[in-house]
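Asker: can you look at this prediction? I've put the sequence above it.
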Amino acid sequence: MKFNTKTIHGGQHHEEHTGAVMPPVFQTSTYAQKTPGVPLNGYEYSRAANPTRTALEDALASIENGARGLAFSSGLAATDCVMKLLKPNDEVIAMDDLYGGTYRMFTRIYQELGIKFHFVDMNDLDKFKSLINENTKLVWVETPTNPLMKVVDIEAIAKITNEKKILFAVDNTFATPYLQRPLDMGADIVMHSATKYLGGHSDVIAGALIIKDAELGEKMHFLQFATGATLGPQDAYLVLRGIKTLHLRVQRHSENGQKVADYLVAHPKVAKVYYPGLKDHPNHEIAKKQMSGSFGGMVSFTFKSGAKADSIKFLEDLKVFTLAESLGGVESLANHPALMTHASIPEPKRKEIGITDDLVRLSVGIEDAEDLIKDIEQALG
């Protein structure tokens, strides 16, 4: 089954009792049993499983080509479930450019519990390999990264982690499975903030894990069940609805993202544009190899003045773009990483990575590209 068909039919079945084409929202906490300990149809309590959530999880597994999908109450809850596989003195090698909430979780929660983290640009494979030791249990990357749009060679990393028997997890939020499928390239776990492109309408908070190995998937389901970070049925329904148009939406996001990036490159007030679809992006060839020919709707840029005030003025003057947290919805959003999504990263670390005070991150929506460019033009003016 091709991907565009999978988004609508993959892992999906008509509801068996009524023939409903869309799965109902099973708004229930518990289920009747035939006799003590013997559920009627395999469901006993909605923290363990709910039919609406099961439908979403089956769809997730289908579009990422995994053995098991799990739906969580947020992207951070999904990340937290992966971290619960670790124990004190284990080590994690993570990409240096990460979503601020991920960095905060790693350094302020799990580092305090005795897990050691190394943050490194994994395009330097020699540096990456030099950090691997007998305590290394997990490699964590985003690609493209948030907010600097670095692209990591998933196959190259997977070759190393597979040889060393190290778990390899990829945050695929920015690319989505429409553009890249990390499990096919050797990763063990894929994570999504399903709030973003999978949901696609800025109306739900959700997270997802898709696991390649069924045994590991069962272990992670136990962790989810035992700690309770599950997604409610109404939210599961909304994400499942969003997945059904994922291929159409991301195609338009990518088309508009490329146009906006090209416009910004030519603008006299813009210093640098971060977008993997640009030929001078340092990881463009890797992106071409693993991102299905399109490059998504996320674009970041800085100002030639280098002035924080210019980025703030620009963001305040936008009219079609909305100044807001988050990304991946049908509407275009604009963000100041240093003051918003990445404010939890200490300033010296932000500067070391390249998250400057004049950096702006755009989530380019599916509006008419001409209107988006005119909005950017007037705000820059």
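Answerer: Okay, I see it. Numbering: from 1, shown residues only.

Asker: and the strands in the stretch 251-381 of the chain?
Answerer: Here the stretch 251-381 of the chain has its strands, by DSSP state E, counting those that start in this stretch, at 270-274, 298-303, 322-323, 333-335, 360-363.

Asker: likewise the stretch 101-250 of the chain?
Answerer: 116-120, 136-142, 167-171, 189-192, 207-211.

Asker: so what are the sheet partners of the third one and their directions?
Answerer: Which is strand 167-171. Neighbouring strands of strand 167-171 in its sheet, by DSSP bridges, are strand 136-142 (parallel), strand 189-192 (parallel).

Asker: what does it contact?
Answerer: Residues lying outside strand 167-171 but in contact with it, judged by Cβ atoms under 8 Å, 6 or more residues apart in numbering, are 79, 82, 85, 99, 102, 137-143, 154, 157-158, 161-162, 182, 186-193. To be clear about C-beta, it is placed using only N, CA and C from the backbone, and glycine gets the same treatment.

Asker: where's the residue nearest the centre of the chain relative to residue 78, distance?
Answerer: A centroid search over the chain (Cα atoms, centre = their mean) returns residue 173, at 1.8 Å, as the residue closest to the centre. The gap separating residue 173 from residue 78 is 10 Å, by Cβ to Cβ, to the nearest Å.

Asker: between these two, which contacts overlap?
Answerer: When contacts are counted by Cβ under 8 Å, 6+ apart, residue 173 and residue 78 are jointly contacted by 191, 192, 193.

Asker: now, of the contacts of strand 167-171, which are buried?
Answerer: For those, burial is judged from neighbour counts taken by 16 or more other Cβ atoms under 10 Å, and it is met by 79, 82, 85, 99, 102, 137-143, 154, 157-158, 161, 182, 186-193.

Asker: if we can go back for a sec, can you lay out the strands of the stretch 251-381 of the chain as TSV showing distance to residue 34?
Answerer: Rendered in TSV, the data for the strands of the stretch 251-381 of the chain read as follows (distance: least, Cβ to Cβ, whole Å):
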stretch	distance to residue 34
strand 270-274	58
strand 298-303	50
strand 322-323	52
strand 333-335	50
strand 360-363	49
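
Asker: residue 76 against residue 207, yeah?
Answerer: Yes: when contacts are counted by Cβ atoms under 8 Å, residue 76 is listed as touching residue 207 (6.8 Å).

Asker: in terms of pLDDT, where does residue 42 sit?
Answerer: Predicted confidence (pLDDT) at residue 42: the value is 89.

Asker: and the residue nearest to it when sequence neighbours are not counted, helix, strand or coil?
Answerer: Of all residues beyond its chain neighbours, the one nearest residue 42 is residue 49 (7.5 Å), with distances taken as Cβ to Cβ, 6 or more residues apart in numbering. Following DSSP: H, G, I helix; E, B strand; the rest coil, we place residue 49 in the coil state.

Asker: quick check on residue 49: phi, psi?
Answerer: Reported as degrees, to the nearest 10, the phi and psi values for residue 49 are phi -170, psi 150.

Asker: all helices for the stretch 51-200 of the chain, in order.
Answerer: For the stretch 51-200 of the chain, helices defined by DSSP state H, counting those that start in this stretch occupy the ranges 51-64, 75-83, 100-105, 125-130, 154-164, 176-179.

Asker: bridging residues for the residue of the chain most remote from its centre?
Answerer: With Cα atoms, centre = their mean as the measure, the chain has its most outlying C-alpha, relative to the mean C-alpha position, at residue 35: 42.4 Å. Assessed by DSSP bridges, residue 35 has beta-bridge partners residue 38.

Asker: could you measure from residue 252 over to residue 335?
Answerer: Separation of residue 252 from residue 335 (Cβ to Cβ): 20 Å.

Asker: next, show the common contact partners of residue 76 and residue 207.
Answerer: With contacts taken as Cβ under 8 Å, 6+ apart, residue 76 and residue 207 have residue 193 as neighbours in common.

Asker: give me the more crowded residue out of these two.
Answerer: Between residue 76 and residue 207, counting by other Cβ atoms under 10 Å, residue 207 is the more crowded of the two (27 against 19).

Asker: would you confirm that that one contacts residue 80?
Answerer: No: using Cβ under 8 Å, residue 207 is not in contact with residue 80, being 9.0 Å away.

Asker: nearest residue to residue 329 in space, please, no chain neighbours.
Answerer: In this structure, residue 329 finds its nearest non-sequential neighbour in residue 202, 3.6 Å apart by Cβ to Cβ, 6+ apart.

Asker: I meant residue 189, not that one.
Answerer: residue 169 (4.1 Å).

Asker: tell me if I'm right that residue 116 and residue 89 touch.
Answerer: Yes: the pair residue 116 and residue 89 qualifies as a contact (Cβ under 8 Å) at a distance of 7.5 Å.

Asker: so those two - more neighbours on which side?
Answerer: Set side by side, residue 116 and residue 89 show more neighbours around residue 116, with 15 against 10, by other Cβ under 10 Å.
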